[in-house]
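K.L.:
Need a 3D model of the sequence below.
(one chain, ligands or ions: 1)
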Amino acid sequence: MTYENLKIDNTDGIYTVTITRPKALNALNGRTMSEIKHFFEEDAPQHADLKGVILTGSGEKSFVAGADIKEFLGLSNDEGGKLSQRGQDIFFSIERFPKPVIALVNGYALGGGCELAMACHLRIATPNALFGQPEINLGIIPGYGGTQRLLQYLGKSKATELLLTADNMKAEDALQHGLVNYVLEPAEAKEKAEKIIHKTASKGPLAIAKTIECINAFYAANTDGFAKEVEAFTEVTQTGDFIEGATAFTEKRKPNFTGK
Ligand code: DAK
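P.N.:
Numbering: from 1, shown residues only. Model prediction:
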């Protein structure tokens with residue numbers, strides 16, 4: 001697939017994916033959603049050198065200002081549900097990606113933009129970042145997981161307030177409420193994201209992937225997260241990486257994990 005709305009840079013295995021629709025403040029139209037799907041489901045798994053992904057928006061004003069409102073106007077009655085399901089599935093691909101995906105939130109993260117940031121494993125915001133689910137202003141509700149993930153991050157009281165009022169949350173408040181991991185100036189934010197990815201890349205890749213699976217199991221309906229942990233633990237203890245990690249510890253050296 002040729003990317004029209006995503007710019008992808010690879011620096012030492014850190015793939016920075018920049019959503020690039022500046023005229024629409026990087027709003028997610030159908031094409032952009034297809035490109036995000038293609039990147040996480042088709043392209044990224046092929047890149048053997050990939051250590052992690054930084055997802056951001058072009059410019060300094062906006063991460064993603066929502067789903068593309070203008071595109072919704074032409075929807076027929078039964079298309080809404082299908083698009084909502086498709087969007088949720090794409091965002092699940094991000095959440096289930098076996099290597100860290102960090103949202104670098106550089107401005108507006110509204111509606112689908114807030115949902116996209118929440119599907120990433122971690123969020124680093126710049127001071128001008130603004131989070132919110134303003135769908136109610138348009139007479140609709142979030143369709144890409146916003147009613148669920150906002151509760152996971154903020155808890156019921158604050159999330160309900162935001163969802164019912166369409167109020168926005170500033171970066172510092174998002175930090176205080178646990179929606180973001182850090183608030184940093186743009187250059188430091190990128191550096192921090194890179195540092196985190198390099199750090200995770202020095203660990204056992206299977207252990208990282210299994211940890212992500214267990215975290216997701218906590219939030220998955222009808223899934224016993226503790227049982228999932230036992231299952232994942234059984235798998236990782238049977239790997240060469242575990243032998244290497246334990247051996248390196250006893251030999252007082254850094255482990256050389258191979259992901260096997
Ligand atoms: N969609 C399309 N275009 C957008 C956009 C968006 N979400 N946000 C901004 N733009 C465009 C503006 O229309 C404008 O284009 P021109 O008029 O110049 O052609 C350009 O970006 C610059 O925007 P502004 O001139 O408005 O810039 P300001 O600095 O004055 O204001 C703003 C920035 C972010 C406060 C404002 O643009 C704004 O309020 N934007 C909309 C924010 C919003 O409500 N976002 C949430 C959208 S609802 C579903 C699936 C998902 C969802 C719903 C249903 N189904 C499958 C059915 C999710 C929905 C949403 O995300």
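
K.L.:
Please enumerate residues in contact with stretch 33-45?
P.N.:
Stretch 33-45 is touched from outside by 1, 3-6, 8, 15, 17, 19, 28, 50, 53, 86-87, 90, 93-94, 97, 116, with contacts defined as CB atoms under 8 Å, 6 or more residues apart in numbering. Using the backbone N, CA and C atoms, a C-beta is placed for each residue, glycine as well.

K.L.:
do that again at 7 Å, thanks
P.N.:
With contacts defined as CB atoms under 7 Å, 6 or more residues apart in numbering, stretch 33-45 is touched by 1, 3, 5-6, 15, 17, 50, 53, 87, 90, 93-94, 97.

K.L.:
tally of neighbours for residue 61?
P.N.:
14 (other CB atoms under 10 Å).

K.L.:
for residue 135, same thing?
P.N.:
23.

K.L.:
how much space is there between it and the ligand?
P.N.:
5 Å (CB to the nearest ligand atom, to the nearest Å).

K.L.:
And for residue 89?
P.N.:
The value you get for residue 89 to the ligand, if CB to the nearest ligand atom is used, is 12 Å.

K.L.:
Test my guess that residue 32 contacts residue 20.
P.N.:
No: Residue 32 is not in contact with residue 20 according to CB atoms under 7 Å; the separation is 8.9 Å.

K.L.:
what residues are up against residue 51?
P.N.:
13-14, 99, 197-198, 201 are the contacts of residue 51 under CB under 7 Å, 6+ apart.

K.L.:
Return the subset of those lying in strands.
P.N.:
residue 14 (DSSP state E).

K.L.:
and of the contacts of residue 51, the nearest to the ligand?
P.N.:
Of all the contacts of residue 51, the one sitting nearest the ligand is residue 99; the distance, using CB to the nearest ligand atom, is 26.1 Å.

K.L.:
ok, now which ones touch that closest one?
P.N.:
50-52, 208.

K.L.:
Can you check the pLDDT for it?
P.N.:
pLDDT, residue 99: 98.

K.L.:
Quick check: the residue nearest the centre of the chain vs residue 69, distance?
P.N.:
The residue lying closest to the centre of the chain (CA atoms, centre = their mean) is residue 120, at 1.3 Å. As judged by CB to CB, to the nearest Å, residue 120 and residue 69 stand 23 Å apart.

K.L.:
The residue of the stretch 101-250 of the chain found nearest the ligand: how many residues sit nearby?
P.N.:
Relative to the ligand, the nearest point of the stretch 101-250 of the chain is residue 111 (2.2 Å; CB to the nearest ligand atom). By other CB under 10 Å, 28 other residues sit near residue 111.

K.L.:
Quick check: phi and psi at the nearest residue to it once chain neighbours are set aside.
P.N.:
Leaving aside its chain neighbours, residue 111 sits nearest to residue 66 (3.3 Å; criterion: CB to CB, 6 or more residues apart in numbering). Backbone torsions for residue 66, taken as degrees, to the nearest 10, come to phi 120, psi -180.

K.L.:
give me every residue that touches residue 30.
P.N.:
So residue 30 contacts residue 71 (CB under 7 Å, 6+ apart).

K.L.:
Could you tell me the per-residue confidence at it?
P.N.:
For residue 30, the predicted pLDDT is 96.

K.L.:
Can you report how many residues lie near residue 23?
P.N.:
With other CB under 10 Å as criterion, residue 23 counts 6.
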